[in-house]
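Peer 1: Have a look; sequence and predicted model below, questions after that.
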There are 2 protein chains.
Amino acid sequence: MTRTVFEKADIVPMIAEVFRELGYEGATMSRITSRTGISKGSLYYFFPGGKEEMAAEILAEIEEWFVRNVFEPLEREEPQAAVQKMWREVDAYFRSGQRICLVGAFALDETRDRFAAKVAEYFRSWIDSLRAALVRSGASAESAAALAEETVGGIQGALILARALRDERVFARAVASHAERITKCMQPL
Amino acid sequence: MTRTVFEKADIVPMIAEVFRELGYEGATMSRITSRTGISKGSLYYFFPGGKEEMAAEILAEIEEWFVRNVFEPLEREEPQAAVQKMWREVDAYFRSGQRICLVGAFALDETRDRFAAKVAEYFRSWIDSLRAALVRSGASAESAAALAEETVGGIQGALILARALRDERVFARAVASHAERITKCMQPL
DNA sequence: TCCATTGTAAACCGATCGGTCTATAACTTC
DNA sequence: GAAGTTATAGACCGATCGGTTTACAATGGA
């Protein structure tokens, strides 16, 4: 009888991946244990609050990751470089379109009602930090707001399309197209 | 003991609405009966194959609706008018962003694997019929293909954003922006 | 070496799952 | 109005759900 010892820092991403693949309702405890190898005992030891606590911690970790790697750079660093970094990080994070956005998925079903605040905050932060970077690079307030919203929405839509069509090139094309529009906006003719 | 009699043509949209709100896994039989008032007896009388058959028929009906109201007009009618009709129908269908796209939701979770062909066909048909209309209006093959894909993806992304931020104006702005880009593409300077 | 702590494994629980079945209400047809 | 058909209501089923509990393996400090 072998015994595997996990640390919480390791298991949150493992569970996140199951939620990503199966959705909140689809990720049953037995499927989480069978896909991760983490027994129920361990899961409830780390997350006494059960599935809901797991999902909450996953959302918090995703938010943290984006704040550190995308949102804060957009707000603090040089706009052009920060936007370039955003595209690099986003492409890596979503595995070039082969991985979905869990926050977007939660927004679509009734899970949204449970985590409404977190879901809204994630997208609001993203749009707002991108908008701020565009403004700092010289774009007008209106065009920056519009372009930021379209870009974040475009990424979400591209993830759906890439997965639906099972063709990651859809995601690559969307990223390239939106990146170009941002570049043009930041470097007016 | 009151007895309500349903017809299949009526109940498919009712069940579809429950799937839309709760997702495939979230739409349990008891929630379907409690939200629609249709008893289990009736549900299994109309859909002997259970949930899977319900979802399949719902997807088929959605596909049919889009073919009739959006895809075929894009392919057959005058391009400018057909595109305008598309925006009207899309805005009405998605309740100006307050209703999600069930096909897009199915694409995100593991339900996709069950209905992969239908999900892919829906998006492929949409992109392709829009692309065809753009080409017929004089757009180049490359820009038509790119714009069609971006538009369909943009709608999906806007539905996610609108729901996540609980702000339907996000959807309205996305529709307006994409409509303008299409108009420009169809009437080159 | 013993004990407390940390964490794992799995049996177990009531509730709910998707799905089946029976009884019967309401229409059709004659 | 009897017979047959269509559709509804809801009891019922085994399986699985999210969650709890028990037993104990491993580790580290005394």
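Peer 2: Thanks, I have the structure now. Here the structure is a predicted model, which means the values were calculated and not measured.

Peer 1: Quick check: what element follows the helix or strand bottoming out on mean pLDDT in chain A along the chain?
Peer 2: For chain A, the helix or strand with the lowest mean confidence is helix A:111-114, at a mean of 78 (criterion: mean pLDDT, DSSP states H and E). Beyond helix A:111-114 in the direction of the C-terminus, DSSP states H and E gives the next helix or strand as helix A:116-136.

Peer 1: Quick one: work out the angle between the helix or strand containing residue A:154 and helix B:116-136.
Peer 2: Element membership for residue A:154, per DSSP H and E: helix A:141-165. With axes from the mean of the first three to the mean of the last three Cα atoms, to 10 degrees as the basis, helix A:141-165 and helix B:116-136 are set at 130 degrees to each other.

Peer 1: ok, is helix A:141-165 in contact with chain B or not?
Peer 2: Yes: Helix A:141-165 comes into contact with chain B when judged by Cβ under 8 Å from any Cβ of the partner chain, the residues involved being A:146, A:149-150, A:152-158, A:160-161, A:163-165. Bear in mind the C-beta positions are built from the backbone N, C-alpha and C, glycine included.

Peer 1: Enumerate the residues of chain A near DNA strand D.
Peer 2: By the rule Cβ under 7 Å from any atom of the strand, the part of chain A lying against DNA strand D is A:1, A:3, A:5, A:25, A:27-31, A:40-41, A:44, A:48, A:50-52.

Peer 1: Mind doing that once more with 10 Å?
Peer 2: Taking Cβ under 10 Å from any atom of the strand as the criterion, the neighbours of DNA strand D within chain A are A:1-5, A:22, A:24-34, A:39-45, A:47-55.

Peer 1: residue of chain A with the smallest distance to DNA strand D?
Peer 2: Minimum separation of chain A from DNA strand D (Cβ to the nearest atom of the strand) falls at residue A:50, amounting to 2.3 Å.

Peer 1: residues contacting that residue?
Peer 2: Counting by Cβ atoms under 8 Å, 6 or more residues apart in numbering or on different chains, residue A:50 makes contact with residue A:44.

Peer 1: Check what pLDDT it gets.
Peer 2: At residue A:50, the predicted lDDT confidence score is 95.

Peer 1: hmm, stretch A:60-69 touching chain B?
Peer 2: No: with Cβ under 8 Å from any Cβ as the measure, stretch A:60-69 is seen stopping short of chain B, the closest distance being 13.0 Å.

Peer 1: Can you point out the buried residues in that stretch?
Peer 2: Within stretch A:60-69, the residues scored as buried using 16 or more other Cβ atoms under 10 Å in any protein chain shown are A:62, A:63, A:66, A:67, A:69.

Peer 1: Which residue lies closest in space to residue A:77, excluding its sequence neighbours?
Peer 2: Using Cβ to Cβ, 6 or more residues apart in numbering or on different chains and skipping the chain neighbours, the partner closest in space to residue A:77 is residue A:85 (7.5 Å).

Peer 1: isn't that neighbour right up against residue A:73?
Peer 2: Yes: with contacts defined as Cβ atoms under 8 Å, residue A:85 counts as touching residue A:73 at a distance of 5.4 Å.

Peer 1: Could you check which of these two has the larger neighbour count?
Peer 2: residue A:73 (21 against 16; other Cβ atoms under 10 Å in any protein chain shown).

Peer 1: per-residue pLDDT, that one?
Peer 2: Residue A:73 carries a pLDDT value of 98.

Peer 1: so who does it touch?
Peer 2: Residues A:82, A:85, A:86 are the ones in contact with residue A:73 under the rule Cβ under 8 Å, 6+ apart.

Peer 1: got it, and residue A:46?
Peer 2: With contacts taken as Cβ under 8 Å, 6+ apart, residue A:46 has the following neighbours: A:8, A:11.

Peer 1: how far away is it from DNA strand C?
Peer 2: 7 Å (Cβ to the nearest atom of the strand, to the nearest Å).

Peer 1: ok, now residue A:20?
Peer 2: Per Cβ to the nearest atom of the strand, residue A:20 is found 21 Å from DNA strand C.

Peer 1: same question, residue A:64
Peer 2: Using Cβ to the nearest atom of the strand, which is the criterion applied here, residue A:64 is 21 Å from DNA strand C.

Peer 1: Need the pLDDT of the closest residue to chain B within chain A.
Peer 2: Using Cβ to the nearest Cβ, the closest approach of chain A to chain B is made by residue A:157 at 2.9 Å. With respect to pLDDT, residue A:157 scores 98.

Peer 1: Alright, that wraps it up for me.
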